[in-house]
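Enquirer: Here is my input, please return the structure:
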Amino acid sequence: MTAAECAELWGITPEHFLATIACKPGFPVRITRKPATWKAGEVVEWRDQNRAGKLKKQKASRSSP
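Expert: Here you go, the predicted model:
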């Protein structure tokens, strides 16, 4: 997947994707540097595991007695 295709998954610009998501710890390693590309399955899996709503639910369930 290119940066543009990845950005489309999040609904943001490719520039914003590169500056805010692709650089996060744990984000899949690039296959190529220029142009930046990633394995689609790894990107989708990372997105699904790191969705804001999912993280909030996990935090809430941990703080429940």
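
Enquirer: alpha carbons only for contacts and neighbour counts from here, please
Expert: OK.

Enquirer: How much space separates the residue nearest to residue 32 when sequence neighbours are not counted from residue 11?
Expert: Computed as CA to CA, 6 or more residues apart in numbering, the closest residue to residue 32 that is not its neighbour in sequence is residue 38, at 7.4 Å. Applying CA to CA, to the nearest Å, the value for residue 38 to residue 11 is 17 Å.

Enquirer: These two: which has the busier surroundings?
Expert: residue 38 (21 against 12; other CA atoms under 10 Å).

Enquirer: Just the pLDDT for the more buried one.
Expert: Each residue has a pLDDT score; the one for residue 38 is 97.

Enquirer: next one: the one 3 residues further on
Expert: Residue 41 carries a pLDDT value of 96.

Enquirer: OK, contacts around it?
Expert: By CA atoms under 8 Å, 6 or more residues apart in numbering, no residues touch residue 41.

Enquirer: Regarding it, which helix or strand does it belong to?
Expert: According to DSSP states H and E, residue 41 maps onto helix 40-49.

Enquirer: C-alpha coordinates for that helix, PDB please?
Expert: Presented in PDB, the C-alpha positions along helix 40-49 are these (Å, rounded to 0.1, in the frame of the first residue of the first chain):
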ATOM      1  CA  ALA A  40      -1.700  -4.100   3.200                       C
ATOM      2  CA  GLY A  41      -2.600  -6.800   5.600                       C
ATOM      3  CA  GLU A  42      -0.200  -5.500   8.200                       C
ATOM      4  CA  VAL A  43      -1.500  -1.900   7.900                       C
ATOM      5  CA  VAL A  44      -5.100  -3.000   8.200                       C
ATOM      6  CA  GLU A  45      -4.300  -5.200  11.200                       C
ATOM      7  CA  TRP A  46      -2.500  -2.400  12.900                       C
ATOM      8  CA  ARG A  47      -5.300   0.000  12.300                       C
ATOM      9  CA  ASP A  48      -7.900  -2.400  13.700                       C
ATOM     10  CA  GLN A  49      -5.800  -3.100  16.800                       C
END
